[in-house]
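[1] Sequence and predicted model, in that order:
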There are 2 protein chains.
Amino acid sequence: MSTKERRQREIAEREQLFLEKTHELVCQDGLLQLNMARIADACDYATGTLYQHFASKEDLLVALLTARSEERIVFFRRAASWNAPPRDRMFAFAAADVAFVERNPQYFRIAQFAQTEVVWSAASQERRQAFLHAMQPAGELALGIVSDGVRSGDLELGDATAEEVALGLWSIVVGTHTLVHAAGLLEFFNVKEPYRSMGRNIHRLLNGLGWQPLFETCDGNACERYAKRLMSDVFGETT
Amino acid sequence: MSTKERRQREIAEREQLFLEKTHELVCQDGLLQLNMARIADACDYATGTLYQHFASKEDLLVALLTARSEERIVFFRRAASWNAPPRDRMFAFAAADVAFVERNPQYFRIAQFAQTEVVWSAASQERRQAFLHAMQPAGELALGIVSDGVRSGDLELGDATAEEVALGLWSIVVGTHTLVHAAGLLEFFNVKEPYRSMGRNIHRLLNGLGWQPLFETCDGNACERYAKRLMSDVFGETT
DNA sequence: CTCATGATTTGAATCTTGTTCAAAATAGCG
DNA sequence: CGCTATTTTGAACAAGATTCAAATCATGAG
């Protein structure tokens, strides 16, 4: 039935609209002010209609995260497909998430909130699953870079697994985001330029893995230049 | 006035009671079920009385975190005062937080939730400040270990700062906690035994810093033995 | 001991916001 | 053009955070 298909499309479009407006509202007034009635209002629909798409507010938040994740994956993809040695691509991969979060500060806020037990467990199974699937390419890309490193002979895993290496970077990035976003925390502990420090610590971790070519972190200027070049080469003009 | 002092003490005691019962309720029924009326009820006080201590639910959560932080600091302190080379103490420091969180799974849940923008910004300035001050010893201990490393000649900072080194460990630990607590995430990405991987990655980071004596992470069994010994030596019997 | 006064406590009332569902509107179809 | 099924609506409901007027209690003077 073509009418059925049209209907399907209309519903999908409306869901997009809801998600986009929600994103707008969050950007505008913050997560704190977000409420279901306001979202429905902003889209000129009744609250009930909103609930035909999302089982709960939590569900909507996870869906929003999923929708916006494609954009995040674009950054990862760009880092992974950089024409550079695997070690640089691995570093770029971590930098990709910093670049993304810096351009989308509210994304991390929502992610942090949505992945909280209270919110996460209140979202529907399907939405959570959809989020994980949306993130899957990121995992695959990361593991791909590690295998490239092994294949090219730059990296010897020994007893480690590719997942372990990826987890190392991932946890540094997630942890740094978390600390950066906890207002007042890093200032209190006298940490300046956390992302710059993060970059150097990632270099150290990769050095510690023996991933060739090793990178000299003692020279602050060199680190600086490296980061600059990477950012312009990989995340340069587009978007 | 002695009566005034007694009153003061009584109020402080009541605040303790509120915090303890809240903690109990969270452990029992989870953060999701927590509500102000129930807390007041469980303590045989009216809701209004609860609000004389805490400006809001968020305020109470941050206060709870602060109260329980002393216990967390105990773990850090034990690691920092371990009779071992600075590098081992640094490693133990990170392990301390894992040991603490494993024994207090709900602490991290609350911390994660409370440090979310939504909750954190809804707590009062004073409570947030108090939390940061409660955490201060942890920062000082960490920096102390780094300086010990430098003083003993095991570590050369070069252009790095002690804060940067501490941030590296801190972000790995926080990041790993976060990933571990996001239900289903690590399973989905096929990561097994995240804390074990975290330990090895921390060794690699410290190796990458050139912090002597370097630790060979290629031998999985050696890592295992090291972690075992550390746990029993440092967090052995007590508590 | 008694009463006046101020501080504290109480819990019902209020307000906000997420969620539901009966009624109204709409669409599809013979 | 009706008839029926589906969708949309938004007022009603529920849950829980927060407030505040009234009640209670503590203190101290007379």
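    Structure's in. What do you need? Residues are numbered from 1 along each chain as shown, chains lettered A, B, ... in the order given.
[2] I figured residue A:71 hits residue A:104, correct?
    Yes - in this structure, residue A:71 is within contact of residue A:104 by C-beta atoms under 8 Å, at 7.4 Å. From N, CA and C alone the C-beta is placed, and that goes for glycine too.
[3] For those two, indicate the residue with more neighbours.
    Shown here are residue A:71 and residue A:104; by other C-beta atoms under 10 Å in any protein chain shown, residue A:104 has more neighbours (18 against 13).
[4] Roughly how far does residue A:66 sit from residue A:110?
    11 Å (C-beta to C-beta, to the nearest Å).
[5] And the strands in chain A, which stretches?
    Remark: no strands are assigned in chain A by DSSP state E.
[6] What about the residue of chain A found nearest DNA strand D, how many residues nearby?
    Of all residues in chain A, residue A:48 sits closest to DNA strand D, at 2.0 Å by C-beta to the nearest atom of the strand. Applying other C-beta under 10 Å, we find 8 other residues in the vicinity of residue A:48.
[7] Listing request: residues of chain A with sub-threshold pLDDT.
    Residues of chain A meeting the criterion pLDDT under 70: A:1-3, A:237-239.
[8] Which residues of it lie near DNA strand D?
    Neighbours of DNA strand D within chain A, by C-beta under 7 Å from any atom of the strand: A:7, A:11, A:14, A:44-49, A:51-52.
[9] among these, which two are most distant?
    A:7 and A:47 (21.3 Å; C-beta to C-beta).
[10] Overlap of the contact sets of residue A:66 and residue A:110?
    Residues touching both residue A:66 and residue A:110 (C-beta atoms under 8 Å, 6 or more residues apart in numbering or on different chains): there are none.
[11] circling back: now the residues of chain A next to DNA strand D: which count as buried?
    A:14, A:45 (16 or more other C-beta atoms under 10 Å in any protein chain shown).
[12] Restricted to helices, list the residues of chain A next to DNA strand D.
    If you go by DSSP state H, these have A:7, A:11, A:14, A:47-49, A:51-52 in helices.
[13] Serialize those to a markdown table and add fields for distance to residue B:85.
    Formatted as a markdown table, these follow (distance: C-beta to C-beta, whole Å):
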| residue | distance to residue B:85 |
| --- | --- |
| A:7 | 70 |
| A:11 | 64 |
| A:14 | 63 |
| A:47 | 62 |
| A:48 | 65 |
| A:49 | 64 |
| A:51 | 60 |
| A:52 | 63 |
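[14] quick check, nearest of those to chain B?
    residue A:51 (20.1 Å; C-beta to the nearest C-beta).
[15] Could you tell me how many residues sit around the nearest residue to the closest one once chain neighbours are set aside?
    Leaving aside its chain neighbours, residue A:51 sits nearest to residue A:36 (7.8 Å; criterion: C-beta to C-beta, 6 or more residues apart in numbering or on different chains). Per other C-beta under 10 Å, the neighbour tally for residue A:36 reads 15.
[16] surely residue A:36 meets residue A:49?
    No - counting by C-beta under 8 Å, residue A:36 does not reach residue A:49; the two are 10.8 Å apart.
[17] DNA strand C contacts on chain A?
    Proximity of chain A to DNA strand C (C-beta under 7 Å from any atom of the strand) is limited to residues A:1, A:3, A:6-7, A:33-37, A:47-48, A:51, A:56-58, A:122.
[18] please redo it, this time with the cut-off set to 10 Å
    Proximity of chain A to DNA strand C (C-beta under 10 Å from any atom of the strand) is limited to residues A:1-4, A:6-7, A:10, A:32-40, A:46-52, A:54-60, A:122-123.
[19] Contacts only, for the closest residue to residue A:23 other than its chain neighbours.
    Computed as C-beta to C-beta, 6+ apart, the closest residue to residue A:23 that is not its neighbour in sequence is residue A:64, at 6.2 Å. Residues near residue A:64 by C-beta under 8 Å, 6+ apart: A:19, A:22-23, A:26, A:110.
[20] so can I have TSV of these showing distance to residue A:193 and neighbour count?
    Supplementary listing: the contacts of residue A:64 in TSV, determined by distance: C-beta to C-beta, whole Å; neighbours: other C-beta atoms under 10 Å in any protein chain shown:
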residue	distance to residue A:193	neighbour count
A:19	34	20
A:22	32	25
A:23	29	17
A:26	27	20
A:110	25	24
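[21] just the helices in chain A please.
    Using DSSP H, helices in chain A cover A:2-29, A:36-42, A:47-53, A:57-80, A:86-103, A:105-114, A:117-120, A:125-151, A:162-181, A:185-188, A:194-208, A:220-235.
[22] Which of the ones you listed sits closest to residue B:227?
    helix A:162-181 (14.4 Å).
[23] What is the closest one packed up against?
    The contact analysis (3 or more C-beta pairs under 8 Å, 6 or more residues apart in numbering or on different chains; DSSP states H and E) places helix A:162-181 against helix A:86-103, helix A:105-114, helix A:125-151, helix A:185-188, helix A:194-208, helix B:162-181, helix B:194-208.
[24] what helices or strands is the third one leaning on?
    Other helices and strands packing on helix A:125-151, by 3+ C-beta pairs under 8 Å, 6+ apart, are helix A:57-80, helix A:86-103, helix A:162-181, helix B:185-188.
[25] let's see 6 Å
    helix A:57-80, helix A:86-103, helix A:162-181 (3 or more C-beta pairs under 6 Å, 6 or more residues apart in numbering or on different chains; DSSP states H and E).
[26] Within range of chain B, give me the residues from chain A.
    A:31-32, A:109, A:112-113, A:115-118, A:132, A:139, A:158-159, A:163-164, A:167-168, A:171-172, A:174-176, A:178, A:182, A:188-191, A:197, A:201, A:204-205, A:207-209, A:218, A:220 (C-beta under 6 Å from any C-beta of the partner chain).
[27] Only the buried subset of the residues you listed, as a PyMOL command please.
    Selecting only the buried members of the residues of chain A next to chain B in PyMOL, with burial defined as 16+ other C-beta under 10 Å, works like this:
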select buried, chain A and resi 31+109+112+113+115+116+117+118+132+139+163+164+167+168+171+172+174+175+176+178+182+188+189+191+197+201+204+205+207+208+209
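[28] separation between the residue nearest to residue A:23 and chain B?
    As defined by C-beta to the nearest C-beta, to the nearest Å, residue A:64 lies at a distance of 14 Å from chain B.
[29] Give me the distance between residue A:84 and residue B:82.
    42 Å.
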